[in-house]
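*Asks:* A predicted structure for the sequence below; I have some questions about it.
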Amino acid sequence: DTGSAAAIPINEVDIAYVTPVTIGTPPQTLMLDLDTGSSDLWVFSSLTPSNQVRGQEIYSPTKSSTSKLLSGHTWSIRYGDGSGSRGTVYTDNFTIGGLEVKSQAVQAALEVSSMLTQEQSLDGLVGLGFSALNTVRPSSQLTFFDNARPNLDEEVFTADLKYHATGSYDFGFIDSKKYAGNITYTAVQQSPGYWTHSLSGYSVGSGAFQASQISGISDTGTTLLYLPTAIVTAYYRQVQGAQNSQYYGGYVFPCSSTLPTFTFGIEGARFTIPASYINYTRISPTSTTCYGGLQSSSGLGINIFGDVALKRAFVVFSGTNPPRIGFAIK
Ligand SMILES: O=C([C@@H]1CCCNC1)N1CCCCC1
């Protein structure tokens, strides 16, 4: 089997991408954020208090003839940005891009945090991290990818996220029309459950490449690129008027500043992020101060290769044994 679905930016600065999925019988269509940095599949639902729902589509298990309550099971997740949700669990038929998993654990929200309520275009998440991270108790549940894997033509899914445009997620095959040249693979450390791997180094603008193993996670659900402070300060030293603002919680600079590119390595391959990706957003609609797409990871305890980096590549998440991740130019 295979599947292929759109990855649609939810706003004009690509803060997140959503993908249409169907749940239940007859199919209920929701727009979910496919997130390789977590492993819970949860949705706004008919059980979510109405004052916590603001424009989202909801999953109503009672309207699905194939839904089953997973009795006595609950879940609760807290994301690194402070948002979170909790609830109960059903199994139901679930499809992404024509690929169906019967009896997928669908975590119905009983409560969502205000940050998630405010994200009107996001109806929930599909965790595509390793199932070890799943928060359902007393028995943890499998991700969509783990459930689909035995039926896939190839044990992979790919992410083709785009800058200010709709990209795609494919399951079970590698579409050679979506990239150029070769795919460079590197080892994945699957414990504790993220797609953890290393960069082989970096360079700022036209500067020399600094070879250095930088461990972090490729997270389609994180907007920006978070790297060690030493790298980030070296980058913003090249930006007129840049400063690390306590007030804005990161590096800001005059929107008119000229930004250098940023290159990261995967083994011997090199991926250059355009300055436009790093000139992320104005701090408010009329401001002339802009917030950077490259920020320090020092407060996170982990480096995160988020969408600012991933959207520069065609990325293969390979569930082979051992797992590996591949990057190609596109
Ligand atoms: O909560 C997250 C992210 C948040 C954005 C969406 N992806 C998951 N984690 C990843 C980084 C380590 C801490 C947990």
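*Replies:* Perfect, I can see it now.

*Asks:* for residue 96, list the residues it contacts.
*Replies:* Residues in contact with residue 96 (C-beta atoms under 8 Å, 6 or more residues apart in numbering) are 3, 5, 19, 21, 34, 126, 144, 169, 171. Yep, even glycine has a C-beta here, placed from its N, CA and C like the rest.

*Asks:* any idea which of those is closest to the ligand?
*Replies:* Among the contacts of residue 96, residue 34 lies closest to the ligand (C-beta to the nearest ligand atom), at 10.2 Å.

*Asks:* want to try CSV for the contacts of residue 96, with pLDDT as columns?
*Replies:* Output for the contacts of residue 96, formatted as CSV (pLDDT from 0 to 100):
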residue, pLDDT
3, 98
5, 98
19, 99
21, 99
34, 99
126, 99
144, 98
169, 99
171, 98
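
*Asks:* those in helices, which ones?
*Replies:* Under the assignment DSSP state H, the contacts of residue 96 contribute residue 144 to helices.

*Asks:* which of the contacts of residue 96 lies closest to residue 103?
*Replies:* residue 144 (11.5 Å; C-beta to C-beta).

*Asks:* which of the contacts of residue 96 fall in strands?
*Replies:* Among those, DSSP state E puts 3, 5, 19, 21, 34, 126, 169, 171 in strands.

*Asks:* tell me the contacts of the fifth one?
*Replies:* Spelled out, that is residue 34. By C-beta under 8 Å, 6+ apart, the contact list for residue 34 reads 7, 17, 19, 96, 125-126, 128, 159, 169, 220-221.

*Asks:* tell me how many other residues crowd the residue nearest to it when sequence neighbours are not counted.
*Replies:* Excluding the flanking residues, the one nearest residue 34 by C-beta to C-beta, 6 or more residues apart in numbering is residue 126, at 4.8 Å. Residues within reach of residue 126, counting by other C-beta atoms under 10 Å, total 29.

*Asks:* heads up, I number from 656, so please use that
*Replies:* In the new numbering, first residue 656, that becomes residue 781.

*Asks:* correct me, but residue 781 touches residue 686?
*Replies:* No. Here residue 781 lies out of contact with residue 686, judged by C-beta atoms under 8 Å, at a distance of 10.7 Å.

*Asks:* what touches both of these two?
*Replies:* The contact lists of residue 781 and residue 686 share 674, 676, where a contact means C-beta under 8 Å, 6+ apart.

*Asks:* need the ones in strands among the contacts of residue 751 in JSON lines (columns: distance to residue 724).
*Replies:* JSON lines is the format used below for the ones in strands among the contacts of residue 751 (distance: C-beta to C-beta, whole Å):
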{"residue": "658", "distance to residue 724": "27"}
{"residue": "660", "distance to residue 724": "27"}
{"residue": "674", "distance to residue 724": "26"}
{"residue": "676", "distance to residue 724": "20"}
{"residue": "689", "distance to residue 724": "25"}
{"residue": "781", "distance to residue 724": "20"}
{"residue": "824", "distance to residue 724": "29"}
{"residue": "826", "distance to residue 724": "27"}
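
*Asks:* top of those residues by number of neighbours, please.
*Replies:* Scoring these on neighbours with other C-beta under 10 Å, the highest-scoring entry is residue 781 at 29 neighbours.

*Asks:* the ligand contacts on the stretch 656-805 of the chain?
*Replies:* For the stretch 656-805 of the chain, the contact set with the ligand under C-beta under 6 Å from any ligand atom comprises 690, 692-693, 734-736.

*Asks:* now the stretch 756-905 of the chain against the ligand: closest residue?
*Replies:* In the stretch 756-905 of the chain, the residue found nearest to the ligand is residue 876; the distance is 3.0 Å by C-beta to the nearest ligand atom.

*Asks:* and that residue, which helix or strand is it part of?
*Replies:* For residue 876, there is no host helix or strand (DSSP states H and E).

*Asks:* which among the residues of the stretch 656-805 of the chain next to the ligand count as buried?
*Replies:* 690, 692-693, 734-735 (16 or more other C-beta atoms under 10 Å).

*Asks:* in the residues you listed, find the pair that's most separated.
*Replies:* Spatial extent of those (C-beta to C-beta) is set by the pair 690 and 735 at 11.4 Å.

*Asks:* so who does the spatially closest residue to residue 950 that is not a sequence neighbour touch?
*Replies:* Once flanking residues are discounted, residue 950 sits nearest to residue 905: 4.5 Å by C-beta to C-beta, 6+ apart. Listed by C-beta under 8 Å, 6+ apart, the contact set of residue 905 reads 899, 946-947, 950-951.

*Asks:* one more time with 7 Å, if that's ok
*Replies:* Contacts for residue 905 (C-beta atoms under 7 Å, 6 or more residues apart in numbering) come out as 899, 946-947, 950.

*Asks:* in strands only, show me those.
*Replies:* Judged by DSSP E, these include 899, 946-947, 950 as members of strands.

*Asks:* now the buried members of these.
*Replies:* Using 16+ other C-beta under 10 Å as the threshold, 899, 946-947, 950 are the buried ones among the ones in strands among the contacts of residue 905.
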